[in-house]
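S.K.: coordinates only, sequence not included:
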């Protein structure tokens, strides 16, 4: 929502300032220039990226306008789910949750928290880690290293669409210059004609440069920056899961393991101590996320 508001503010401020200077909006309406710039930018994306990355770019682009899913409520649900798994495992042994780990989509513990388990990567991160721990053949330190490696690979995958979109943003001013040069070529061919016609063609050429710079710094660049922050939020979320899992595997009590993980949660979405304890002890419902 805030991304949409920001884009409206950017374009609204530019249009308002232009009108304050008695500018004619019709001069800025140059479909041919937009076709050149947007079409060339789309072509560079297709040339530079494989199909799977194009899909990720589209998903990340759409995610910018949906808002971050890494909310306070998601952290609460995740910590509560981990506590339930840890508590049951502590009472009955890791083998008691083997069926849950093998088929989490059928597990009552997992399906009680759809906001968490709907992400296949998160589900696999938790299940694979606990399955490895249940084997008893791997030291807690080695499991922690495996989680760190998993997080590193996942973060690299998450930042590839950001890098691809940033490359497009960097190219847009140059593509705007290309559109402007083509406009100048057309203008040169019209020399000797009416001054009004020449002036219109010069204006159209300059609009090409304007659009390239505007799309770079006012639209595509900020979207790439937003996607980068989402990737960082996701990495922070995985770090919290890692802390909880590593603490429990080392022998920490379930309630203390999730408390350690709560301390690792970013401040803007961190649940309160009492709030999490009540939720884990089933003394009260989770508090809805702040508006």
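M.R.: Now that the structure is in, tell me what you want to look at. Worth saying up front: this structure is predicted, and the values here are computed from it rather than measured. Numbers count the residues shown, from 1 in each chain.
S.K.: so where's the stretch 1-150 of the chain uncertain?
M.R.: Along the stretch 1-150 of the chain, segments meeting pLDDT under 70 span 1.
S.K.: can you give me the helices for it?
M.R.: All helices of the stretch 1-150 of the chain, identified by DSSP state H, counting those that start in this stretch, fall at 2-20, 25-28, 31-48, 51-66, 72-92, 98-102, 108-111, 114-117, 120-135, 140-189.
S.K.: Residue 244: which of those helices is closest?
M.R.: helix 72-92 (5.0 Å; Cβ to Cβ). Using the backbone N, CA and C atoms, a C-beta is placed for each residue, glycine as well.
S.K.: Point out the most buried one among the helices of the stretch 1-150 of the chain.
M.R.: Compared across those, helix 72-92 shows the largest average neighbour count, a mean of 20 (mean count of other Cβ atoms under 10 Å).
S.K.: Which residues does that one contact?
M.R.: Under the contact criterion Cβ atoms under 8 Å, 6 or more residues apart in numbering, helix 72-92 has outside partners 96-97, 100, 109-110, 112-113, 115-117, 126, 130, 237, 240-241, 244-245, 248, 253-255, 257-258, 261-262, 265, 269-271, 275-276, 279-280, 286-290.
S.K.: same question, stretch 10-27
M.R.: By Cβ under 8 Å, 6+ apart, the residues outside stretch 10-27 that reach it are 28, 200, 203, 207, 214, 218, 219.
S.K.: What of stretch 208-218?
M.R.: Contacts of stretch 208-218 (Cβ under 8 Å, 6+ apart): 7, 10-11, 14, 28, 30, 33-34, 36-38, 41, 169-170, 172-180, 182-183.
S.K.: So which residue is smack in the middle of this protein?
M.R.: When Cα atoms, centre = their mean is applied to the chain, the residue found nearest the centroid is residue 230 (3.3 Å).
S.K.: Model confidence at that one, what's the number?
M.R.: At residue 230, the model reports a pLDDT of 92.
S.K.: Nearest to residue 223, out of the helices of the stretch 1-150 of the chain?
M.R.: Of these, nearest to residue 223 by Cβ to Cβ is helix 51-66, at 5.3 Å.
S.K.: what separates that closest one from the chain centre, distance-wise?
M.R.: 9 Å (Cα atoms, centre = their mean, to the nearest Å).
S.K.: Make 30 the starting number, not 1.
M.R.: Got it, the first residue is 30 from now on, which makes the last one we talked about helix 80-95.
S.K.: ok, and what's touching that helix?
M.R.: 30, 32-33, 74-75, 78, 98, 186, 189-191, 193-194, 252, 255-256, 259.
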